[in-house]
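Enquirer: I would like the atomic coordinates for the input below:
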Amino acid sequence: TISKHKDDCVQLLEQIHKLLNAITILHIKSDAGGEMPIEVLDHVGKFTEILHKIYTFVEAQQKGNRVKSFFRQGEISALLKDCQAGLQQSFEFFQIEGTRALPDIAEMKKDAQKRHQEVLDMIEKLSEATASERASTMSRHYSWSSNSSNSISMLPSEPKIFHGRESEFSDILHLFNAGIPRIAILGAGGMGKTSLARAVLHHPDITARYVKNRFFVACNSVTTKVELANLIGSHLGLKPGKDLTQAVLQHFSNNPPSLLILDELETLWEPASSRANIEELLSLLTGVEDLALMITMRGAEHPAKVQWTRPFLKVLQPLDQEAARHTFVDIADSGHSLEEVDQILSLADNMPLAISLLAHLADTEGCSNVLSRWDKEKTSVISEGFDKRSNLDMSISLSLSSPRIQPIPHSQELLSLLAMLPDGLTDVDLIQSKLPLEKILKCKTTLKSTALAYSDEHKRLKVLMPIREYLQQHQPPGDHLVQSLFKYFQEMLKFSRDYMGTQSSSSTITQIKSNLTNIHNVLQWGLKQKQPTLSNSIYCVCYFSRFSEVNIQMRTPLMGQIQDLLPQLNDHRLKAYFLIESI
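Expert: Residues are numbered from 1 along each chain as shown. Next up, the predicted model:
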């Protein structure tokens, strides 16, 4: 329910309706066969931008909507003024244009009815069709017409750019071929869950099987079980009511086999206050024998009270390199240096949303400019849109605000620490480093359940590059956390130095090799600290440099930073040690 600015929202929607009518009339009455002048198209484009802003404004008024938390009251008021000013400009233009073209909406309806009758006459004249076929066609047409005033169901389009999900796609189709499936598409934000669901929705086998009984319901606009049931009911064309739960179940039970896709269900399922009720509704829906159910949800957890079809679909991971390249080239064309493309993909960590946003930017600015901007702006370079599908920072923020994280406060601290550790950490690292975090393995489980972190093939807990960049800018780890990890690596490096060449150092060598980038980043942090951490960091850099020379035949670039730090130290022994190690 709109809790504030209700009158403003109503007025905005009324103005949008009038403008859409005016634009439709201009299109119909165009002297160029539907083609509109550049000036008109330019104003249509500006109107579209205003619609995005209005959508954001209305979303921010919803009770319980997490988008609201990203705006201060002053920002909401400024956004409202911006929306009103934009609509006023559109009115000033289209009112004039509408008057010049034809402002009579009744004539537009008359024209539509005429075209409708022409279609019916054409169907009637098809000599190839039998009488029964014609009757079936007319029946379907009038059935649709009678429901159209009540139903808001409109299927989203099939994704035009879709690579790298062949395995998951095949697994889903196999589950459909085996019976009436109940499938959860899970993964981190921006991983392409909705795109996969849309691709399945439009597959020829699915279309043939469910014909017009396919329903795609976006759940991000409702907050309770009853609201969700009513939203599903509106897609089915049911008569509005206080609680359509039973009517929805009855509809699916009395009709041919149907497919229901609930997109972004996490907005309802994550809050503890509504989780049980949502799971109860899912249980009721899966109790309908011929109803196939598919949900998309951030995270890696399946809602309870549902017998999800096995084997479970794997949590979506980043695209492989070939699929990532295909996705980039489909958006930004193929005239870019492969080396620069791969550099951009490494920044995206092959996350589909980040690839799409960076590719669109590269299409207009070029890869070199994108790489240069990323060095300065990081994730904010692709965070200028008004929703989570066009704004990477907003998508990440939504994941970070998940109610599943709030009961485990130290999980966010662990996530911030992981953001500076590209190599990730093993369970051994988490425990032996003695991080000052309670229930650290529970924190790990929480991060994995929300898909903010994942375990790679070596069981190392990691965070994707775009999320790491965002956290380093907006939520860096506390010094007390990094200090604990510093001591852990310090002991590891010192042990390796003291027992170099002995059998007892072999496992430590493996540990250090698995943490090379982590150690570099932590020592980089140490060189910026005050005493005594600074002196300890210089010793550790020397240990690390010697280890690197012996085991990977290279010297750490951190050695080059120490020379400028020595003058501020009154430690002759350390200076002498550094000079010896520098030789």
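
Enquirer: the residue most central in space within the chain and residue 354, how far apart?
Expert: Centroid check for the chain by Cα atoms, centre = their mean gives residue 190 as the closest residue, at 2.6 Å. Using Cβ to Cβ, to the nearest Å, we find residue 190 at a distance of 6 Å from residue 354. Every residue, glycine included, has its C-beta placed from N, CA and C.

Enquirer: next: residue 297.
Expert: Using Cβ to Cβ, residue 297 is found at 20 Å from residue 354.

Enquirer: of the two, which one has the most company?
Expert: Each of residue 297 and residue 354 has its neighbours counted (other Cβ atoms under 10 Å); residue 354 has more, 27 against 24.

Enquirer: list the contacts of the more buried one.
Expert: 190, 347, 348, 382, 392, 466 (Cβ atoms under 8 Å, 6 or more residues apart in numbering).

Enquirer: what subset of these is buried?
Expert: 190, 347, 348, 382, 392, 466 (16 or more other Cβ atoms under 10 Å).

Enquirer: am I right that the third one is in contact with residue 469?
Expert: The reference is to residue 348. No. If you go by Cβ atoms under 8 Å, residue 348 and residue 469 don't touch, sitting 10.2 Å apart.

Enquirer: on that earlier part again, quick one, what contacts the residue nearest to the centre of the chain?
Expert: 351, 352, 353, 354, 388, 392, 395, 396, 466.

Enquirer: quick check: it is in a helix.
Expert: No. Secondary structure of residue 190 (DSSP: H, G, I helix; E, B strand; the rest coil): coil, not part of a helix.

Enquirer: quick check: closest non-adjacent residue to it.
Expert: Leaving aside its chain neighbours, residue 190 sits nearest to residue 353 (3.0 Å; criterion: Cβ to Cβ, 6 or more residues apart in numbering).

Enquirer: after whatever helix or strand the one you found lives in, which helix or strand is next?
Expert: Using DSSP states H and E, residue 353 falls within helix 352-365. Scanning forward in sequence from helix 352-365 by DSSP H and E, the next helix or strand is helix 367-377.

Enquirer: report the angle between that next one and helix 352-365.
Expert: Per axes from the mean of the first three to the mean of the last three Cα atoms, to 10 degrees, the angle that helix 367-377 makes with helix 352-365 is 120 degrees.

Enquirer: make 11 the starting number, not 1.
Expert: Okay, residue one is now 11; in that scheme the one you just asked about reads as helix 377-387.

Enquirer: now do the same for helix 377-387: mean pLDDT, whole number.
Expert: The average pLDDT within helix 377-387 is 90.

Enquirer: which helices and strands does it pack with?
Expert: Applying 3 or more Cβ pairs under 8 Å, 6 or more residues apart in numbering; DSSP states H and E, we find helix 377-387 packed against helix 348-358, helix 362-375.

Enquirer: list the buried residues of the longest one.
Expert: Of the residues in helix 362-375, those buried under the neighbour-count criterion (16+ other Cβ under 10 Å) are 362, 363, 364, 365, 366, 367, 368, 369, 370, 371, 372, 373.

Enquirer: what's the closest of the residues you listed to residue 490?
Expert: Distance to residue 490 across these (Cβ to Cβ) is lowest for residue 364, with 31.0 Å.

Enquirer: check what pLDDT the closest one gets.
Expert: Reported pLDDT for residue 364: 92.

Enquirer: residue 172 belongs to a strand?
Expert: No. Secondary structure of residue 172 (three-state DSSP): coil, not part of a strand.

Enquirer: pLDDT score for it?
Expert: Reading off the model, residue 172 has pLDDT 95.

Enquirer: verify the contact between it and residue 209 for me.
Expert: Yes. Contact criterion Cβ under 8 Å: residue 172 and residue 209 qualify, at 5.4 Å.

Enquirer: so residue 307 touches residue 199, yeah?
Expert: No. The pair residue 307 / residue 199 is not scored as a contact, 10.5 Å apart, by Cβ under 8 Å.

Enquirer: quick one: the strands in this structure?
Expert: 192-197, 224-228, 268-273, 301-308, 464-465, 471-472 (DSSP state E).

Enquirer: will you turn these into CSV that also has mean pLDDT and distance to residue 453?
Expert: CSV is the format used below for the strands of the chain (pLDDT from 0 to 100; distance: least, Cβ to Cβ, whole Å):
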stretch, mean pLDDT, distance to residue 453
strand 192-197, 97, 20
strand 224-228, 95, 31
strand 268-273, 98, 29
strand 301-308, 97, 18
strand 464-465, 94, 14
strand 471-472, 96, 10
